[in-house]
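In: Prediction below, plus the sequence it came from.
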Amino acid sequence: MSHNFVAYVVAFAVTLTATLAEGDTLPIPKQKWSFEGPTGTFKQDALQRGYQVFKEVCSACHGLNRISYEKLMGIGLSKNAVKALAAEHDQPDLNDEGQPIQRKGIISDKIHSPYPNDKAARASNNGALPPDLSLITKARAGGPNYIYALITGFCAAPADMPITEGMHYNPYFSGRQIAMAPPLFDGQVKYADGTKATINQMAKDVVTFLSWAAEPEMEQRKQMGVKVIFYLLIMTLVLYLSKRKIWKDVK
Amino acid sequence: MSILKWIDRRLPFISLINHELRDYPTPKNLSYMWNFGSLAGIVLMIMIGSGVFLAMHYVPHVDHAFDSVEHIMRDVNGGWLLRYIHMNGATMFFVVVYIHIFRGLYYGSFKSPRELLWILGVIILLLMMATAFMGYVLPWGQMSFWGATVITNLFSAFPFGDSIVHWLWGGFAVDNPTLNRFFALHYLLPFLILGVSMLHLVALHQFGSNNPLGIERKGPEDSIPFHPYYTIKDVFGLSVFLLIYCGFIFFAPNFFGEPDNYVPANPLVTPPHIVPEWYFLPFYAILRSIPNKLLGVLAMFGAVMVLFIVPWLDTHPVRSSRFRPYHRWLFWLFVIDCFVLGWVGANPPEGMFILIGRGATLYYFAHFFLFLPALSRLEPIMPLPLSISRPILEGTPK
């Protein structure tokens, strides 16, 4: 019995130290998000600033393939603004003779990756593939907090850690090395609303925008949820009282 | 009215409903633990209902499956609601059914004359597991693909294993034929579950429900009609259940999911930790606790199969653990063991988890093959109540 116990303690200690020594990644700090909690919503100004950061910074390498320009009306852009954005990108198509052409973008076009295919993307990025960002906050453990930590977390590597050529030290990324270069620096974009474009501000905005892109239905879902729960609470109470009344004489 | 009578004389459907759902005499002392059977039936209907509509928009093809699920989430009217109902419904189905099973174990509901009722229930559980596993593959995310790869590969442990695995896959890897057949079977199996559930009900209504005292009803004073007493109780329970279920659907729809499943399947990239859905974790832990592959697979399947013979392992004449203090202890230790196995299954098989997993696996089987039979012989028979209406101990029944 006591031998078993010692074995457990030793095994536990070994696991613990192994985990700490390996020290794969730092724990992800929690941020405050306007869209957290049962009544959280996306703030339109943050969404629009976030889209600006995505457009001017992220979209140099990443696509947002599940969002069409039309859908950007969901972050409060006007139809004309969305049309203008779509028109900035020519799209491959066929003309009436069946010959490949580049036509002007229309609002039902998706926000594609800047690369024609994955192979081209890898060739331009040291072999790494910049993932599509449409679902990124749902597709990573830690969600928005993780993305925020990742894009603000670049720093100098510890002296004893060799960094592979073309890689960058990031304590939040699995293996602590990431092919993506630090994407943000202070004042990188000029916000139209005068908000100061610090790294943290831009990160916050773009993560808000990406969270919307991953779950555009979120606000509707939560609003419906509040009504459903309210309805069910009343129904549960009524049913409970009915049950009590019906069962009153059962001895 | 007379039309109904005309029909009922030729097709006695209304009489059947009246007899089996209205007048149906039911023990009057059922606790809320007896809510979970009807609840499971309702969840099955919710799953079939939402599933049929999802299938109208889903595309079972490796190039389109993931996109079609996102299409449902983003473009289909109410699609996100349908999918979250279905996704969280699977979780809720297992919660409800596991509670239902543990209730049966605690109150000895599997004992004579209800052995076949119990066995039909275990068949439903097996069908549910197969359905849930194949359903999880359909979104064709990373966990879908790698879960399917790991689980189907288990069959390679058997003799002619490679042939079996290739036959299951319909090729030499988990690929389009696999996805296609999983979709076909995922649509078929729920209707088999429905069929077996009907048999489960027929078997149930032969002797009626067991009850918390575990004694048979002695006279009409021990029963009340199903309606309105148990209809209202079941509907109230359903309402409480819906509160929890909707809490997840609307406010934490991905709570039980894996982020990796929002990454499209990629046969060239293996996720660092492949974990099944939570309801398979205890069985997954048993699989990984045994160093030999074939034995591990047999133990994993055996862990479910052993439920079939529980009526012949726990042969103690008293049904309810209310009158079996020793079995009560054993039962709760078994519940804890299942949770420990689930916890181990969720963690990588390293260090202490290997040790704990092996201990918990050993305990799982010892519970069924050692402790239950031993207690069946050794646990003294306590005096039981004379009847449900007189639950005061007045002596031992004959």
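Out: That came in fine, so what should we check first?
In: Show me the helices in chain A, by range?
Out: In chain A, the helices defined using DSSP state H lie at A:2-22, A:44-56, A:79-87, A:118-124, A:143-152, A:199-214, A:218-246.
In: Quick check: which of those helices is buried the most?
Out: Mean neighbour counts were taken over those using mean count of other C-beta atoms under 10 Å in any protein chain shown, and the top value, a mean of 24, falls to helix A:199-214. Where C-beta positions appear, they are placed from N, C-alpha and C, glycine not excepted.
In: Show me what from chain A comes close to chain B.
Out: Applying C-beta under 8 Å from any C-beta of the partner chain, we find that chain A lies next to chain B at A:7-8, A:11-12, A:14-15, A:18, A:38, A:66, A:131, A:134-135, A:138-141, A:143, A:174, A:214, A:216-217, A:221-222, A:224-226, A:228-229, A:232-233, A:235-236, A:239-240, A:242-243, A:246-247, A:250-251.
In: Dump the helices of chain A into CSV; add mean pLDDT as well.
Out: As requested, those are arranged in CSV below (pLDDT from 0 to 100):
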stretch, mean pLDDT
helix A:2-22, 43
helix A:44-56, 97
helix A:79-87, 96
helix A:118-124, 95
helix A:143-152, 97
helix A:199-214, 98
helix A:218-246, 98
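In: Make a markdown table out of those helices and add distance to B:Trp169.
Out: Converted to a markdown table, those look like this (distance: least, C-beta to C-beta, whole Å):
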| stretch | distance to B:Trp169 |
| --- | --- |
| helix A:2-22 | 35 |
| helix A:44-56 | 40 |
| helix A:79-87 | 43 |
| helix A:118-124 | 26 |
| helix A:143-152 | 34 |
| helix A:199-214 | 32 |
| helix A:218-246 | 37 |
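In: Which one of the residues in the stretch 151-251 of chain A is closest to chain B?
Out: Across the stretch 151-251 of chain A, the shortest distance to chain B (C-beta to the nearest C-beta) belongs to A:Gly225, at 2.5 Å.
In: For the residue nearest to that residue when sequence neighbours are not counted, which residues are in contact?
Out: The shortest distance from A:Gly225 to any residue that is not its chain neighbour, by C-beta to C-beta, 6 or more residues apart in numbering or on different chains, is 2.5 Å, and that residue is B:Phe250. Contacts for B:Phe250 (C-beta atoms under 8 Å, 6 or more residues apart in numbering or on different chains) come out as A:221-222, A:224-226, A:228-229, B:84.
In: rerun that using 7 Å as the cut-off
Out: Applying C-beta atoms under 7 Å, 6 or more residues apart in numbering or on different chains to B:Phe250 gives the contacts A:221-222, A:224-225, A:228.
In: Can you name the helix or strand that B:Ile224 falls in?
Out: When secondary structure is defined using DSSP states H and E, the element that contains B:Ile224 is strand B:223-225.
In: that older thread, could you check how far the residue nearest to A:Gly225 is from B:Gly49?
Out: Computed with C-beta to C-beta, to the nearest Å, the distance linking B:Phe250 and B:Gly49 is 18 Å.
In: now for the strand holding B:Ile224, which elements pack on it?
Out: Applying 3 or more C-beta pairs under 7 Å, 6 or more residues apart in numbering or on different chains; DSSP states H and E, one finds that strand B:223-225 contacts strand B:25-27.
In: what pairs with the strand it packs on, and is each one parallel or antiparallel?
Out: Strand pairing for strand B:25-27, using DSSP bridges, gives strand B:223-225 (antiparallel).
In: who's in contact with the strand it pairs with?
Out: Outside of strand B:223-225, the residues that reach it under the criterion C-beta under 7 Å, 6+ apart are A:250, B:22-28, B:217.
In: Select the longest helix from chain B.
Out: Counting by DSSP H, the longest helix found in chain B is helix B:176-207.
In: Going by neighbour count, which residues in that one are buried?
Out: B:178-179, B:182-183, B:186-187, B:189-190, B:193, B:196-197, B:200-201, B:203-205 (16 or more other C-beta atoms under 10 Å in any protein chain shown).
In: So B:Gln142 sits against B:Asp260, correct?
Out: Yes - contact criterion C-beta atoms under 7 Å: B:Gln142 and B:Asp260 qualify, at 4.3 Å.
In: Tell me how many other residues crowd the residue of the stretch 51-200 of chain A found nearest chain B.
Out: Distances between the stretch 51-200 of chain A and chain B by C-beta to the nearest C-beta are smallest at A:Ala139, namely 3.8 Å. A:Ala139 is surrounded by 22 other residues when neighbours are defined as other C-beta atoms under 10 Å in any protein chain shown.
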